[in-house]
Each structure stands twice: as C-alpha cells, then as structure tokens.
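In: Need the 3D shape of this:
(one chain, ligands or ions: 2)
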Amino acid sequence: MDTEILRPAAHADFERAAQLIRRGELVAFPTETVYGLGANGLDAAACARIYEAKGRPSDNPLILHAADLAMAQTLTCGMPAAAAHLLAAFAPGPLTVVLPKAHHIPDIVTGGLLTVGVRCPDHDVARRLIRAAGVPIAAPSANTSGRPSPTTAAMVEADLAGRIPLILDGGCCQWGVEATIVDCTEEGHVTILRPGAITREMIA
Ligand code: AMP
Ligand code: MG
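Out: Numbering: from 1, shown residues only. Ligands and ions are numbered 1, 2, ... in the order given. Have a look, this model is predicted:
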C-alpha cells in the first residue's frame with residue numbers, strides 16, 4: 001500500500017480523508033498532544049485494523065475522539081457530574097475522561113469494558129477531520145507498539161509507511177506528551193489513570 005502525506009487546507013482535503021474513515025480505512029492525523037492513528041470508532045472492523053497496524057494487544061482499549069462536547073455526549077449512557085465539570089474546564093484539550101459507554105460503541109473499542117475513554121482534541125485538523133467524517137474517531141498514538149509516540153508526520157511515516165493509506169500533516173504537535181486520563185465512572189470520585197499534559201493540581 002502507498003502512504004500519502006497530505007497537508008490539508010481545502011475542504012476537499014478533509015472530505016477525502018473523511019471518506020477513507022467512513023470506508024473503514026485508517027488515517028493518521030495530528031492532535032495537540034501526539035499524532036493519532038484514526039479509524040471510524042463505531043465500526044468494529046475498522047477499529048480491528050488499528051490493532052493490526054500497531055501490533056497492539058486487543059485488550060488495550062482505544063480512546064474515542066469527539067469534535068465537540070455534543071458529540072462526546074452521544075458516546076456515554078450517563079455523564080457523571082465530575083466528568084461534566086472536567087470537560088467544561090478542559091475540553092477541548094489534553095484530558096481523556098473514562099465514562100459509562102453508550103450501547104452502540106463496539107466492544108473492540110473498549111476491550112470489552114463497559115466504560116469508554118473520550119477526548120475532544122484541541123487541534124483544528126483533528127476537529128475538521130472528525131466533523132467531516134461525522135463519526136467519533138478511535139485513535140491511539142500513531143506508532144507501532146513499543147515505539148515512541150510521534151509528534152511529526154515524518155515520524156509517523158518512518159514507522160507506519162506502507163500500512164496506512166493517508167497521513168494528514170499538521171506540523172509539530174504542541175505538547176508532545178499524551179493526554180491525562182481520568183476515570184469519572186464512580187460518582188463522587190475522580191481517579192487519575194495516567195498522568196499527562198493536565199496535572200493533578202489542575203484537576204483538583
Ligand atoms: P493511548 O494508547 O495513548 O491511546 O491510550 C489508551 C489508554 O487509555 C489505554 O492504554 C488505557 O490505559 C486507557 N483507557 C482507554 N479506555 C479506557 C477505559 N475504558 N478504562 C480505563 N482505561 C482506559
Ligand atoms: Mg500510545
């Protein structure tokens with residue numbers, strides 16, 4: 001497979017990338033943290049391709065990326081108060097909240113869990129891609145398992161060329177570290193599952 005690198009500008013560029021996503025293909029794209037390896041988050045077969053391309057163990061759940069809070073809301077079957085507070089404060093931004101999952105999210109996304117990680121990336125290319133696709137985009141970092149998370153399109157190319165059809169080039173990622181992950185599924189408790197760009201103090 002040839003891997004194209006595209007610096008998206010026009011509406012047609014996003015439409016082309018979105019078509020690949022809707023067809024079940026993988027598209028790498030920039031976020032403010034690191035580059036993501038994206039697939040239609042509601043399509044189990046497309047998400048299976050993420051695990052295959054990365055060599056990722058199938059019990060390691062994927063995070064769903066939403067264009068905005070309205071889309072994020074559709075991915076959960078109940079928004080705990082703490083999650084709503086944190087999203088109001090930090091979305092869009094480098095915070096992933098783990099929420100009770102909506103029924104229509106495939107098991108492969110969550111590794112069989114009844115919860116799902118959701119994030120609204122603060123990056124124009126990511127947002128425009130998700131909006132054009134019209135679906136949440138499941139995306140772990142765009143590297144094969146064990147390799148460092150990529151912060152440029154060239155790093156993605158060096159690792160994944162030949163395995164994916166398209167890399168959207170949005171330049172260098174602002175943060176270069178992963179999003180912080182918090183579990184908000186237990187009412188009244190917020191647990192930090194992975195430290196990252198948003199600190200414990202900021203969450204408190
Ligand atoms: P990444 O590989 O950077 O996309 O991060 C994905 C990580 O988020 C996984 O390895 C898990 O540690 C965490 N994660 C995703 N979904 C969940 C979930 N439903 N419950 C707990 N942790 C999750
Ligand atoms: Mg990763």
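In: show me the residues around the spatially most central residue of the chain that make contact.
Out: For the chain, the residue nearest the mean C-alpha position is Ala139 (3.6 Å; Cα atoms, centre = their mean). Going by Cβ atoms under 8 Å, 6 or more residues apart in numbering, Ala139 touches 29, 31, 36-39, 50, 62-63, 65. C-beta here means a position set from N, CA and C on the backbone, and glycine is covered the same way.
In: pLDDT averaged over stretch 154-167 - what is it?
Out: Across stretch 154-167, pLDDT averages out at 98.
In: I meant to write stretch 177-195 there.
Out: Mean predicted confidence for stretch 177-195 is 94.
In: how about that stretch, does it get close to ligand 1?
Out: Yes: Stretch 177-195 lies within reach of ligand 1 by Cβ under 6 Å from any ligand atom, at 178, 181, 193-194.
In: Please apply the same query to stretch 147-154.
Out: No: against ligand 1, stretch 147-154 shows no contacts by Cβ under 6 Å from any ligand atom, the least distance being 7.2 Å.
In: what's the answer for stretch 58-77, then?
Out: Yes: in terms of Cβ under 6 Å from any ligand atom, part of stretch 58-77 sits within range of ligand 1, namely 60-61, 63.
In: what's the answer for stretch 127-142, then?
Out: Yes: counting by Cβ under 6 Å from any ligand atom, contacts between stretch 127-142 and ligand 1 involve 140-141.
In: Show me which residues of that stretch are buried.
Out: Neighbour-count burial for stretch 127-142 flags 127-130, 132-133, 135-142 (criterion: 16 or more other Cβ atoms under 10 Å).
In: quick revisit: just the pLDDT for the residue nearest to the centre of the chain.
Out: Per-residue pLDDT puts Ala139 at 98.
In: Compute the distance between the residue lying closest to it once chain neighbours are set aside and ligand 1, please.
Out: Leaving aside its chain neighbours, Ala139 sits nearest to Gly36 (3.3 Å; criterion: Cβ to Cβ, 6 or more residues apart in numbering). To ligand 1, Gly36 is 8 Å away according to Cβ to the nearest ligand atom, to the nearest Å.
In: Go ahead and confirm Gly36 touches Phe29.
Out: Yes: between Gly36 and Phe29 there is a contact under Cβ atoms under 8 Å: 5.7 Å.
In: any residues in contact with both of the two?
Out: What both Gly36 and Phe29 touch, as defined by Cβ under 8 Å, 6+ apart, is the set 126, 137, 139.
In: Gly38 sits in which helix or strand?
Out: strand 36-40 (DSSP states H and E).
In: those strands in this structure, which residues are they?
Out: 4-6, 27-29, 36-40, 63-65, 95-100, 115-119, 137-138, 166-168, 180-183, 191-194 (DSSP state E).
In: Perfect, I'm done here.
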